[in-house]
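In: quick check, what structure comes out for this input:
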Amino acid sequence: MKQKVLWLIKSDLLKLLPILGLAFYIAFIPHLDYPYPVHMDEWVHMSFANELMTERSLNIIEPFTGNPIQLENRLEFGFQLPLGIFQRITGMSWNSIFRYSPSVVFTGTIFLVYLFARKEGYGWQAALLASLVPTTIGILGPAFLVPVSVGLLFLPLMLYLVFNYRKWWAYLLLFVFAGFLISMHGPSIVCIIIILLPYIFLNRQKEPKHSLKIAIALLLPFLLVLPFTFEVVSALFHSLITRQPPVTDIHIPQLLSDYGYLPVILAIVGVIGLTLRGGVKNMSLVLGLLLFFCMLAIFQTFGFGISSIYLRGFLFGTLLLGIVGGAGLREICSIRFPKETRALFTFPLLTKYLGTLLSIIIIGFTLAIAIPARQNEPYYYTIDEIDYDAFIWIRDNISQEYDRAILDPWKATAFTAITGKHVYTRTQMGPTAIGAETQHFLRDGSVNTKLLKTNRLSIIYTRIYDGQHNIDFRSNNPDLEEVAKNIYLLKEVNPR
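Out: From the prediction side, this is the model:
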């Protein structure tokens, strides 16, 4: 019995379980008091998933406008289709899926980080620091159910396969994972390949066949889909040699601040420790980290690169920082005074476990700073309970004859996701002229019937968010019929 207790104390289990709990909680923070999808992108993916399930075909229309869908809007079907299938099979509500799935996915990611790093000798340390990957509105993150959050899960998984297995099934899995990521989120697989490149090149002399098979497994899926995505790929290659507009609101210093300065310092210690230890695996992680941040810095400084990889790459960069930071925490944990030196101190037991004590202090300060910072991260919420109930009422009570709505563009994406009906306009990247026109129409009492008939708009929802409060606007337009609070229908509906 005593041996089992000692084994449990020495094992990683007592450390890993709280770390996984921490990861679950950090990803759950935006959903603590909000039961609906948070980020606009989540509502978008919900809309596309519903459309794919309704039509039972990949040949769908754009769910918000009803227009033919463009190729660039099909590039995340690999995420949206499984999402829709999962919802239909399980019967879970969309609210539950978007509220709890991010935490489940992120917990799985951190567990895979632990499995990968444990083989290298710093499993729980890497898992702890990786669990601090930030979530913000700009770079997204593990607290949102979006493709890049699922893509993060594949970084430790593919590192684990590449570092540890030389079997045919491992290369097949790399091929399958790469193909899936291409269909789900192209920037994710590009980020992972950038991180893996140093290992492929450093390992050429020692294991040339292994490096070649890895390269083939990762490259082949791109070649297979190239005939279908040639226009998109050629545009991306063109952007590599063309200066892109600067991204002024998201930059590397902000990333390091969001992640935390103490974890960054640990990552620097990890870089030094891995370099001194040497070996292909250690050096490939160091060079992968440096190469990746060089790529981010080149785009930020000179504007050469692909903006989507830059924006979503921040998440892969911080996850890799966490893994390398785990190696740094291991180095600190291993600090010991020599036996002959301990005798000179009053508390030799304390000096014997100096590294452990330092690690506990660093972890304590890190969590004391990181957890409140993530709790205080600002998030926007597109709708509230009143809006949600109104949209559910529209979905359940208004016939398909009324197909197109005009409402606050800020709420329009969620409206389509919930009701399945098209909208006049919606907020995407920021305010637009047509969005301002819509706001004016609603604030003016929805009296412009010509605008409604010209654009085949038959549903009017008059509750507007002004940036601080929701305001109910009424309409005295005789051409409209009020069917519920804030909900009006055009009496004479144009045929679709």
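In: domain map for the chain?
Out: With domains defined by automatic domain parsing, the chain comprises 12-38+99-334, 385-490.
In: please identify the deepest-packed of those domains.
Out: By mean neighbour count, with neighbours taken as mean count of other CB atoms under 10 Å, domain 12-38+99-334 ranks first of these at a mean of 19. For every residue, glycine as well, the C-beta is placed using N, CA and C.
In: now do that one: distance to the chain's middle.
Out: 11 Å (CA atoms, centre = their mean, to the nearest Å).
In: please apply the same query to stretch 405-413.
Out: Using CA atoms, centre = their mean, the offset of stretch 405-413 from its chain centre is 24 Å.
In: state the mean pLDDT of that stretch.
Out: Average pLDDT, stretch 405-413: 94.
In: neighbouring contacts of that stretch?
Out: 40, 43-44, 47, 64, 382-383, 387, 394, 415, 419, 421-428, 432, 434-435, 438-439, 441-442, 446, 451-452, 455, 457-465 (CB atoms under 8 Å, 6 or more residues apart in numbering).
In: residue 463 and residue 469 touch, don't they?
Out: No: contact criterion CB atoms under 8 Å: residue 463 and residue 469 do not qualify, at 10.6 Å.
In: host element of residue 390?
Out: Taking DSSP states H and E as the criterion, residue 390 maps to helix 385-397.
In: so which elements touch that helix?
Out: helix 409-419, strand 459-461, strand 463-465, strand 480-484, strand 487-490 (3 or more CB pairs under 8 Å, 6 or more residues apart in numbering; DSSP states H and E).
In: quick check: neighbours of the second one in the sheet, parallel or antiparallel?
Out: Its sheet considered, strand 459-461 pairs with strand 404-406 (parallel), strand 487-490 (antiparallel) by DSSP bridges.
In: do you know how far residue 44 is from residue 147?
Out: 11 Å (CB to CB, to the nearest Å).
In: which SS class is the residue minimising distance to the centre of the chain?
Out: Centroid-nearest residue in the chain, with CA atoms, centre = their mean: residue 149, separated by 3.1 Å. Secondary structure, DSSP: H, G, I helix; E, B strand; the rest coil: residue 149 is helix.
In: contacting residues for it?
Out: 102, 105, 106, 140, 141, 142, 143, 315.
In: check which helices and strands the helix or strand where the first one lies is in contact with.
Out: Residue 102 belongs to helix 94-120 when elements are defined using DSSP H and E. Using 3+ CB pairs under 8 Å, 6+ apart as the contact test, the elements touching helix 94-120 are helix 13-28, helix 40-55, helix 77-90, helix 123-130, helix 147-164, helix 307-333.
In: can you lay out the contacts of residue 149 as TSV showing distance to residue 261?
Out: Below are the contacts of residue 149 laid out as TSV (distance: CB to CB, whole Å):
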residue	distance to residue 261
102	26
105	27
106	22
140	22
141	18
142	20
143	21
315	18
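In: which stretches of the stretch 101-250 of the chain have low pLDDT?
Out: 229-233, 235-241, 248 (pLDDT under 70).
In: for residue 425, what are its contacts?
Out: Contacts of residue 425 by CB under 8 Å, 6+ apart are 409, 412, 432, 434, 435, 438.
In: show me which of these is closest to residue 154.
Out: residue 412 (32.7 Å; CB to CB).
In: distance of that closest one relative to residue 44?
Out: 11 Å.
In: equivalent analysis for residue 357, please.
Out: Taken as CB to CB, the span from residue 357 to residue 44 is 49 Å.
In: so between these two, which is more surrounded?
Out: residue 44 (23 against 15; other CB atoms under 10 Å).
In: from residue 88, how far out is the closest residue to the more buried one other than its chain neighbours?
Out: Excluding the flanking residues, the one nearest residue 44 by CB to CB, 6 or more residues apart in numbering is residue 413, at 6.2 Å. Per CB to CB, residue 413 is found 21 Å from residue 88.
In: for residue 336, same thing?
Out: 57 Å.
In: for residue 363, same thing?
Out: With CB to CB as the criterion, residue 363 and residue 88 are 43 Å apart.
In: the two: who's more crowded?
Out: Per other CB under 10 Å, whichever of residue 363 and residue 88 has more neighbours is residue 363, with 17 against 12.
In: can you name every helix or strand that the helix or strand hosting that one contacts?
Out: For residue 363, the host element (DSSP H and E) is helix 354-375. In terms of contacts (3+ CB pairs under 8 Å, 6+ apart), helix 354-375 is packed against helix 13-28, helix 261-277, helix 307-333.
In: give me the mean pLDDT for the second one.
Out: Meaning helix 261-277. 94.
In: quick one, that helix and helix 354-375 angle?
Out: Angle of helix 261-277 versus helix 354-375, following axes from the mean of the first three to the mean of the last three CA atoms, to 10 degrees, is 140 degrees.
In: with the last one instead?
Out: When the same axes, to 10 degrees is applied, the directions of helix 307-333 and helix 354-375 differ by 150 degrees.
In: how about the nearest residue to residue 39, chain neighbours excluded?
Out: Sequence neighbours aside, residue 144 is the residue nearest to residue 39 in space, at 4.7 Å (criterion: CB to CB, 6+ apart).
In: name the SS class of the one you found, please.
Out: With three-state DSSP as the criterion, residue 144 reads coil.
In: list the contacts of stretch 80-95.
Out: By CB under 8 Å, 6+ apart, stretch 80-95 touches 35-37, 45-46, 48-50, 52-53, 58, 97, 145, 417.
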